[in-house]
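K.L.:
need the 3D shape of this:
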Amino acid sequence: MKCKEINNPNFAEEMADVNSAAFGYRSIPIISKYRIKQRIGNLRYKAYGCFIKKTLTGFLFVDNKPNEFVCSPSEKLIEHFGVLPWRQGEGIGYILLSYIINVKFPLNSFHLTVDPLKHKVRSFYRKFDFIEYGETHMVLMRKNETVHQQQKFFYV
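P.N.:
Numbering: from 1, shown residues only. Just a heads-up that it's a prediction; the model follows:
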């Protein structure tokens, strides 16, 4: 299993397939192939994927300059994190998120949103010391920050 940055727009179709499988097939996808290509070409976003035998099994985007009303300037926003359903439970998500928060961005705090009804997903993020803030937000604080210092950056 290998985690790496995805900077080739040719992976957009494979990423869209993983996204659809992870979040359910629907007439309007969570993120389209077109939007994935746009993000791969935009310096604001970094895409990272986990590959097994050269097959993409999971990916996420890191927003380097998230909206200041959602995150503090020092935070990175994790978006569209998904793993193929038939590969879930194999440690792919754990390895990919560990790679992001411990190797690629070891000094940054992180912010993400999670459906309040997805208890299993919330439990997964708690393993990485993410804390819940409000109904849909979870944060991983670094640099001795506290949620109270960050409070103005969240919609509650």
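
K.L.:
mind listing what's buried in the lengthiest helix in the chain?
P.N.:
Secondary structure assigned by DSSP state H gives helix 12-23 as the longest helix of the chain. Neighbour-count burial for helix 12-23 flags 12, 14-16, 18-20, 22 (criterion: 16 or more other Cβ atoms under 10 Å). (Each C-beta comes from the backbone N, C-alpha and C, glycine too.)

K.L.:
how about the helices in this protein?
P.N.:
According to DSSP H, the helices that the chain contains are 12-23, 33-40, 92-98, 119-126, 147-150.

K.L.:
low pLDDT regions in this structure?
P.N.:
Where the chain drops to pLDDT under 70, the residues are 25-29, 143-156.

K.L.:
now do the strands in it.
P.N.:
In the chain, the strands defined using DSSP state E lie at 2-6, 45-52, 55-63, 75-83, 109-113, 131-133, 137-140.

K.L.:
if I look at the nearest residue to Ile30 once chain neighbours are set aside, how far off is Phe81?
P.N.:
Distance criterion Cβ to Cβ, 6 or more residues apart in numbering; nearest residue to Ile30, sequence neighbours excluded, is Phe23 at 4.7 Å. Note on Phe23: its distance to Phe81, by Cβ to Cβ, to the nearest Å, is 10 Å.

K.L.:
and what of Val103?
P.N.:
16 Å.

K.L.:
Throw the helices of the chain into a markdown table and include distance to Asn67, thanks.
P.N.:
Formatted as a markdown table, those follow (distance: least, Cβ to Cβ, whole Å):
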| stretch | distance to Asn67 |
| --- | --- |
| helix 12-23 | 21 |
| helix 33-40 | 15 |
| helix 92-98 | 22 |
| helix 119-126 | 20 |
| helix 147-150 | 14 |
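
K.L.:
closest one to Met138 among the ones you listed?
P.N.:
For the helices of the chain, proximity to Met138 was assessed by Cβ to Cβ; helix 119-126 is nearest, at 5.2 Å.

K.L.:
list the buried ones in that closest one?
P.N.:
Buried residues in helix 119-126, counted by 16+ other Cβ under 10 Å: 122, 124-125.

K.L.:
if anything else comes up later, I'll come back, but that's it for now.
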